[in-house]
Structures are given as C-alpha cells and as structure tokens.
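Engineer: Need coordinates for the following:
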Amino acid sequence: MPDINTINGLTLCDETNVNGVTIANISQIDGVDKSCGECNAIEMVYDAEGCDGACNGEECGGYYVNEVIACPLSVGTGIYNDAACADCAATGFYSSKMCDTACAVCYTFDQGECQITRVTDCR
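Structural biologist: Numbering: from 1, shown residues only. Just a heads-up that it's a prediction; the model follows:
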C-alpha cells in the first residue's frame, strides 16, 4: 500500500499543514496510512502546572516526537510516550532545557489534539 507522502505528487511529510490542518493531526487520507517514518526520542521535563516547573525541573523523562529534533520544536508537533508515536503524552508543559538537548523553551501540549499548541521561552 502506498503512503501519504506520495499522494498527488505532494511531499506531504515535508509540509507543516494542508488546507489548515496540521500534518501531525493527519493519520490517513482516503484509507491510505500516513508513514513519514519519523518518531524521534527526546528527553524532557514534564510539569502539569506550568512552564516554570517544566523549565526548571530536574527529572528528565523519555518521550518521542513526530519530527526531527530541533530547537525549538514546532507548534503542531506531537509528543508521545512510545517509539511508535501512537500514545499521546499527557496534557501539560514540557521542556528539554535541563535535559540533553538543552533547548530553553517551554511547550504547551494538548493531549486531546495530540500536539504542541504553544512555544514560549523559559524564564
């Protein structure tokens, strides 16, 4: 079965949104599964309450994102608990400032949408 990346000649997995829909939220089109092949490990601190806790916390946890690791990650990026990028992480605040990638930003994440909804600088 083909993957979404080749439908209508559009390199869909290289786009950030199509017709206003964030690519991270698209799993299939007309029964064709999305298979961009990117699910990358990242260490981040999670805090349910706010960015201060995520940016200054010391307990890094293992997560996965559905894009190439960059600083910062993009709004619309999914954060996952598993290497298949199937199990969305909890709603809350994430930062890798104190972890291995040392990116001094905070990601507001919505589990229902399974995407980063806001990126702000750590204080």
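Engineer: Now do the same contact list for the residue nearest to Asp52 when sequence neighbours are not counted.
Structural biologist: Sequence neighbours aside, Arg123 is the residue nearest to Asp52 in space, at 6.9 Å (criterion: Cβ to Cβ, 6 or more residues apart in numbering). Backbone N, C-alpha and C define where each C-beta goes, glycine included. Shown in contact with Arg123 (Cβ atoms under 8 Å, 6 or more residues apart in numbering): 51-52, 55.
Engineer: and if you look at Cys106?
Structural biologist: Contacts of Cys106 (Cβ under 8 Å, 6+ apart): 51, 54-55, 93-95, 97, 119-122.
Engineer: can you name the two of those that are farthest apart?
Structural biologist: Greatest spatial distance in those: Tyr94 and Asp121, 14.0 Å, computed using Cβ to Cβ.
Engineer: Those two - which one has more neighbours?
Structural biologist: Set Tyr94 next to Asp121 and count neighbours by other Cβ atoms under 10 Å: Tyr94 wins out with 27 against 11.
Engineer: ok so, going back, kindly indicate which of the contacts of Arg123 lies nearest Phe109.
Structural biologist: Checking those against Phe109 by Cβ to Cβ gives Cys51 as the nearest, at 11.3 Å.
Engineer: For burial, what's the neighbour tally of that closest one?
Structural biologist: Neighbours of Cys51 (other Cβ under 10 Å): 22.
Engineer: Ala83 versus that one, what's the distance?
Structural biologist: 26 Å (Cβ to Cβ, to the nearest Å).
Engineer: Repeat that for Ala70.
Structural biologist: According to Cβ to Cβ, Ala70 and Ala83 sit 19 Å apart.
Engineer: Check which element follows the helix or strand of the chain with the lowest mean pLDDT along the chain.
Structural biologist: Least confident helix or strand, the chain: strand 32-33 with a mean of 48, by mean pLDDT, DSSP states H and E. Sequence order places strand 40-47 as the next helix or strand after strand 32-33, per DSSP states H and E.
Engineer: Just checking: what are the partner strands of that next one?
Structural biologist: When pairing is defined by DSSP bridges, strand 40-47 lines up against strand 61-65 (antiparallel), strand 92-95 (antiparallel).
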